[in-house]
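>>> Show me the folded form of this:
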Amino acid sequence: MENITRNAALEQVTAITNVRIFDGNQIIAPRHIVIKGESIISVGGDFPADATIIDGENGTLLPGLIDAHVHTSIGGLRDALKFGVTTELEMNGDFTKRGREIQLKNVNDVADVRSAGTAITAPGGHPDELLPDGDEIPEFVLKELEKLSEEDREAMLAAYAHDHEEIPQVTTVEEAIKHVHTQVENGADYIKIMIEEGSVMGAPGLPVLSDEILKAAVTEAHKFDKLVIAHVLTALSSQEAIDFGVDGLGHLFIDRPEYTSELVKSIADSGAFVTPCLVLNSSIIGNPASELANDPRVHSKLSPDWIDILNSSFNTYPQGNMENSFKNVMDLHRAGVDILVGTDVAPVPVPNLGGLAHGASVHHEMQLLVKAGLTPLEALQSATSKPARCFGLHDRGRITEGARADLILVDGDPINNISDTLSIKSVWFNGSQQLG
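Predicted coordinates for the structure are as follows:
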């Protein structure tokens, strides 16, 4: 019976009509698309006689959004999908190919996910400073557990166990190479390295691996044709990462030293992409995301716990200011660097990791990119076609024949008002309508 149902779904034909279409790069002339099963089979053209017609009521049809920097859970993937985020890219966690096969078996109402597996960091290095000391589950975790569903309770315990299990030690070149091999064997889709001495995170003096070890890890990952993304939050660590040959920076440097123009040129010349996570920078300098939390389009879709998280902040670098981040991201953008939308949201609601929430923060990030100076169209590219291209996800991020039918239909015109991306009418994931 299950196979019959699946085959019927694969034959289902749907035409979405009367919409303006952002195809991942630009607004295009056709006003309708046709989906068959899991794929887009035409953009414009005739409707098949057996198509189910959905009138978009002059809304805007977008490719499913991509969050290029998360730490996630089943609950996080479920929340992401509510906001039209159909793909999350995990930068330290369990959702490698092997992890997906175990954790997402028979789970259908969640976004797709790719993962770096366990990031390469020094013993006691980042993100250790964000975690409680000791092996016992801390009181704040226990309080959160009491509020969650059984499924999300298990996810939170798994996330906590992952962060406190015996992580393979990396203290030598040989151990770094072995660590890369382990992640590849687990089905990591790319590799993550940490370059974080802690000043921005309120923990100066964090241990960081030597240049030799980090360079060896990057070189080894490239032997397996894996992208390498670096955690960096300062101009100095960003330059170090570029010197090591990384493919992308997982954050935007929060400072703006005199040599910023030279750094920007270095990043641009390397071909690396940057995922600024402006939402994180804003939280780090003490700004809660209260306006987002109070938006009824957000408030209605998130649990009270996540709303509380949005109304708080990291606040580990209050001496910072967003103008520096806005100038940095625009300098990179003007230099031709690919800017990707990412959030760095935690897998579960944790009190000291505030200002961020799955799905909702992708829309906030696009708003901040526009505030920095990108056009709404460029911000939408940064959440669709650009991350798909940079991460080699060639089946998504665009509305074109043959692409996955990951789609989001919104009221209004986000090309003129980026906030309209939150006015979600329907979401399709792999051809299946999730909302609407």
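>>> Regarding this protein, what is its longest strand?
strand 52-63 (DSSP state E).
>>> Poorly predicted segments of the stretch 301-436 of the chain, please.
436 (pLDDT under 70).
>>> sorry, back to before: adjacent strands (with direction) for the longest strand of the chain?
Using DSSP bridges, strand 52-63 pairs in its sheet with strand 13-22 (parallel), strand 407-410 (antiparallel).
>>> what sits up against that strand?
Strand 52-63 is contacted from outside by 12-24, 33, 47, 84, 380, 384-385, 396-399, 403, 406-415, 420-421, 425-426, using CB atoms under 8 Å, 6 or more residues apart in numbering. Yep, even glycine has a C-beta here, placed from its N, CA and C like the rest.
>>> Quick check: mean pLDDT of that strand?
Mean per-residue pLDDT for strand 52-63: 97.
>>> Give me the next element, helix or strand, following that strand.
Remark: after strand 52-63, the chain's next helix or strand is strand 65-70, criterion DSSP states H and E.
>>> Could you identify the helix or strand that succeeds that next one?
With DSSP H and E, the next secondary element past strand 65-70 is helix 74-82.
>>> of the contacts of strand 52-63, buried ones?
12, 14-17, 19-24, 33, 84, 380, 384-385, 396-399, 403, 406-415, 420-421, 425-426 (16 or more other CB atoms under 10 Å).
>>> coming back round to it: of the strands paired with strand 52-63, which is nearest residue 301?
Among those, strand 407-410 comes nearest to residue 301, with 13.4 Å by CB to CB.
>>> Could you export that closest one as PDB, CA atoms only?
The C-alpha trace of strand 407-410 is given here as PDB (Å, rounded to 0.1, in the frame of the first residue of the first chain):
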ATOM      1  CA  LEU A 407       9.000  26.300  -3.100                       C
ATOM      2  CA  ILE A 408       7.600  29.000  -0.900                       C
ATOM      3  CA  LEU A 409       4.600  31.100  -1.900                       C
ATOM      4  CA  VAL A 410       4.300  34.500  -0.200                       C
END
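>>> Quick check, residue 192 in contact with residue 115.
No: counting by CB atoms under 8 Å, residue 192 stays clear of residue 115, with 9.2 Å between them.
>>> Contact partners for the closest residue to residue 381 other than its chain neighbours?
Counting by CB to CB, 6 or more residues apart in numbering, residue 25 is the residue found nearest to residue 381 once chain neighbours are left out, at 6.4 Å. By CB under 8 Å, 6+ apart, the contact list for residue 25 reads 381, 385, 398.
>>> Secondary structure class of the first one, three-state.
Going back to what we said before, that points to residue 381. helix (DSSP: H, G, I helix; E, B strand; the rest coil).
>>> Could you measure from it over to residue 414?
For residue 381, the distance to residue 414 equals 12 Å [CB to CB, to the nearest Å].
>>> What is the burial count for residue 307?
Using other CB atoms under 10 Å, residue 307 has 20 other residues around it.
>>> Run through the residues that contact it.
293, 299, 357.
>>> which element follows whichever strand or helix holds the first one toward the C-terminus?
According to DSSP H and E, residue 293 maps onto helix 290-294. Secondary structure here is assigned by DSSP H and E; on that basis, the next helix or strand after helix 290-294 toward the C-terminus is helix 296-299.
>>> buried residues in the following helix or strand past that next one?
Scanning forward in sequence from helix 296-299 by DSSP H and E, the next helix or strand is helix 304-310. Of all the residues in helix 304-310, those buried under the rule 16+ other CB under 10 Å are 305-310.
>>> mind putting these in JSON lines, distance to residue 61 included?
Shown next, in JSON lines, are the buried residues of helix 304-310 (distance: CB to CB, whole Å):
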{"residue": "305", "distance to residue 61": "32"}
{"residue": "306", "distance to residue 61": "27"}
{"residue": "307", "distance to residue 61": "29"}
{"residue": "308", "distance to residue 61": "33"}
{"residue": "309", "distance to residue 61": "31"}
{"residue": "310", "distance to residue 61": "27"}
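>>> Can you name the two of those that sit furthest apart?
Longest span within the buried residues of helix 304-310, CB to CB: 305 and 310, 10.0 Å.
>>> Export only the CA atoms of stretch 230-246, formatted as CSV.
Taking C-alpha atoms only, stretch 230-246 is exported to CSV below (Å, rounded to 0.1, in the frame of the first residue of the first chain):
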residue,chain,number,x,y,z
ALA,A,230,36.1,28.0,9.0
HIS,A,231,34.6,29.5,12.1
VAL,A,232,36.1,33.0,12.4
LEU,A,233,34.8,36.1,14.1
THR,A,234,37.8,38.5,13.8
ALA,A,235,39.7,40.0,10.9
LEU,A,236,42.9,38.3,12.1
SER,A,237,41.4,34.8,12.2
SER,A,238,39.6,35.4,8.8
GLN,A,239,43.0,36.2,7.2
GLU,A,240,44.5,33.0,8.8
ALA,A,241,41.7,30.9,7.4
ILE,A,242,42.1,32.3,3.9
ASP,A,243,45.9,31.6,4.2
PHE,A,244,45.1,28.0,5.0
GLY,A,245,43.0,27.7,1.8
VAL,A,246,39.5,27.4,3.2
